[in-house]
Every structure is written in structure tokens, then in C-alpha cells.
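# the sequence and its predicted three-dimensional model are supplied below.
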Amino acid sequence: EDIILEARDLKKHFNLGGGRILKAVDGLNFAIKRGETFGLVGESGCGKSTAGRTLIGLYDATEGDIAFNGRNVRQMDRDGKRKFNRSMQMVFQDPYASLNPRMTVGRIIAEGIDIHGLYSGKERDARVKQLLKDVGLNEEHAGRFPHEFSGGQRQRIGIARALAIEPEFIIADEPISALDVSVQAQVVNLFKKLQHDRGLTYLFIAHDLAMVKHISDRIGVMYLGKLVEVTTSEKLNSKPLHPYTRSLLSAIPLPDPKLQRERERIILQGEIPSPLNPPSGCPFRTRCPNAMAKCAESMPEFKEVEPDHYTACHLY
Ligand code: SF4
Ligand code: MG
């Protein structure tokens, strides 16, 4: 199998002082295949954005390793690191905050090209114009400023900026959650088209499983800094194993009203515990409808319980 990115026991802890450690990402193990869309889902505060930022190198990992194209990022020399930085790009949630309001769109898009010294002069300008067209904008837009564009257009600019240095891998952190529902599908379709045309691999971070399950080949579900389940979108949908995944799926309305009436909605009790003070044993046990005595005593191991289907739960 052709693995492009792999996290091995990846941890990102933040020391908040006074002995308080926020274990935002606490031991992730998963692999992303070349050309696929891997969806990372979970409620806000579960550590999914921190995971994305750690994978791309915006944060230094506290522990564990990241392998890119089979090579450990920690052990890369300067040349390897530069290639890694060129191969990975990020698209952010907020298309308003992530574009510099004082820069023209052309300069915003060309920033990476300039930093990496890829093109200059006419070639650079032609490249920017082409990128604008590739994301569904037009070349005259290069001279304008971000405030002249709608939310959906700004996210297209953010995507053009990410594409400018020809990455292999894009981490998109909730790229459509700040957009109007009417433009969300258009931006999702753009992501799909670009993936098809360029062979891109995506890590798509979202809190909304309903959306992620449509666009992802495989999905990882996070809870309190840990992965609780990883499998194909199809298996997650037809045979979710982890009680947390089952509750998330049960909240998604079904198109068929008869099926909808027959289905049991699993409502979770209580709030997500503070990541500063997670429960003993299984982190989900305070809300789990299936919790048993042993769930308080020991942390379930994250393991492959069926081919290409991983979960961390004492039921399996
Ligand atoms: Fe629920 Fe126990 Fe499984 Fe955790 S290990 S998800 S508490 S059954
Ligand atoms: Mg987030």
C-alpha cells in the first residue's frame, strides 16, 4: 500500500503552568494513503485541529513520530525538511482571518512561490492567473483585495494559495464550516475536482460527520485527544463499532422517513470532560451507554479488530 503520511503514537501536550498539562493530542496512530481523502472528525476541543497543525509542522510534536513518504520527519536533513514543507499545505477554517487584508490577492497567492523561489517575473504572474482560474475565479481578481470578495470566494483564494507551490498533501481544517450552506457544496466540489486533476491527498478536518462521510474515503473519529475509531467511510457508516461513533451517526437524519422512525437515536449523557482532567480508563466512559466496570480501570487499546477497522473499546 502506498502510504503518504503516518502518525506513530503522536502526542502534542501544552504545558499551561502550575502543573497543568493539556493533552490536546494524546497518542494518535494512523496512516493516510496517497490520493485519498482522510476525514478527521470530533467535537470541538477534541484535538483535531491540533493534530492537523502538528502533522504539518506548525507545532512541534511532544512525543511520537510523523513519517512522510516513508521517511521520519524528525530525522530529515534540511533538504528533506524543505521538500516536506513544500509538499504539505494548509487551508484554514476562517477565510476572513487567514488572508492578509493589506495584500492583493495576487501577492497572497504568490507568497509561497516567492518564498520557495519557484517562479519569477512573467512566469510567476502567469502562474497566479492560472491558479485563479483553477479555483473558479478570474485573472483580473489578482489586483484586488480580500475584502472585495465573498466568504466562498475568499476560501477559493485560500485554496489557490495552498496550491501555488504544488503540494502533494493538503490539510483542510474545517474549510467550509464558516461558509453559507449554499456555497459549502461548491467549495467541496472544488476540492474534489482539484484532487482528481492533481492527484492530491487530503486530510479533511471537521466536526460534522454527516459532511465528512460523504467526501472521505476513510475516517478517523477523535474524542478527548485520542482516536477511538478509524476505518473506511463505508464501514463506519454500515458497521460503526465504537459507542461514540454510533452516537454521532445516530444524530444524522436519514433520507428515508421510515428508516428514520425505526432508528434509535443515541443521546449521550453529560458533557465532554475537561481535557485537563480526563477520566481514568476509557476517556469516553463518563458518557458511554455501554460502560462496564473495567472501563474505569484500564484504557482500551487502539487495535485492528477487523481488516482495516480500528477501534479502542473493551467491547471488542
Ligand atoms: Fe464504552 Fe467501555 Fe468501550 Fe469506553 S471501553 S467506549 S466506556 S464500552
Ligand atoms: Mg478546530
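Thanks, I have the structure now. Ligands and ions are numbered 1, 2, ... in the order given.
# next, the buried residues of stretch 206-214.
Ala206, His207, Leu209, Met211, Val212, Lys213 (16 or more other Cβ atoms under 10 Å). C-beta: built from backbone N, CA, C; applies to glycine.
# now the second one: how far from Val230?
This points to His207. Distance of His207 to Val230, computed by Cβ to Cβ, to the nearest Å: 17 Å.
# relative to ligand 1, which of the buried residues of stretch 206-214 is nearest.
Nearest to ligand 1 among these is Leu209, at 16.7 Å by Cβ to the nearest ligand atom.
# got the residues of the chain near ligand 1?
Proximity of the chain to ligand 1, by Cβ under 6 Å from any ligand atom, involves residues 242-243, 282, 284-285, 288, 290-292, 295, 300, 313-315.
# list buried residues within those.
Buried among the residues of the chain next to ligand 1 (16+ other Cβ under 10 Å): His242, Pro243, Cys282, Phe284, Arg285, Cys288, Ala291, Cys295, Pro300, Cys313, His314.
# list phi and psi for the second one.
By that I understand Pro243. Dihedral pair for Pro243: phi -60, psi -30, per degrees, to the nearest 10.
# pLDDT value on it, please?
pLDDT recorded at Pro243 is 97.
# check contacts around it.
Counting by Cβ atoms under 8 Å, 6 or more residues apart in numbering, Pro243 makes contact with Ile266, Phe284, Cys288, Pro289, Asn290, Cys313, Leu315.
# give me that answer again for 7 Å
Contact analysis of Pro243 by Cβ atoms under 7 Å, 6 or more residues apart in numbering lists Phe284, Cys288, Pro289, Asn290, Cys313.
# doesn't the second one lie inside a strand?
Pointing back at Cys288 there. No - read with DSSP: H, G, I helix; E, B strand; the rest coil, Cys288 is coil and lies in no strand.
# pull the contacting residues for it.
So Cys288 contacts Pro243, Cys295 (Cβ under 7 Å, 6+ apart).
# do the same with the fourth one
Asn290 makes contacts with Pro243, Leu315, as judged by Cβ under 7 Å, 6+ apart.
# next one, pLDDT for it please.
Looking at Asn290, the pLDDT reads 96.
# find the centremost residue of the protein, please.
By Cα atoms, centre = their mean, the chain has its centre lying nearest to Ile205, at 2.7 Å.
# which SS state does it fall under?
strand.
# so the residue of the stretch 51-200 of the chain found nearest ligand 1: helix, strand or coil?
At 20.0 Å from ligand 1, Ala51 is the closest residue in the stretch 51-200 of the chain, using Cβ to the nearest ligand atom. Here Ala51 is recorded as helix under three-state DSSP.
# right, and it touches Asp26 too?
No - using Cβ atoms under 7 Å as the test, Ala51 is too far from Asp26 to be in contact (10.0 Å).
# which of these two has more neighbours?
Between Ala51 and Asp26, counted using other Cβ atoms under 10 Å, Ala51 has the larger neighbour count: 28 against 23.
# which residue is the nearest non-sequential neighbour of that one?
Spatial nearest neighbour of Ala51, chain neighbours left out: Val25 (4.9 Å); criterion: Cβ to Cβ, 6 or more residues apart in numbering.
# ok, the one you found to Asp9 distance?
10 Å.
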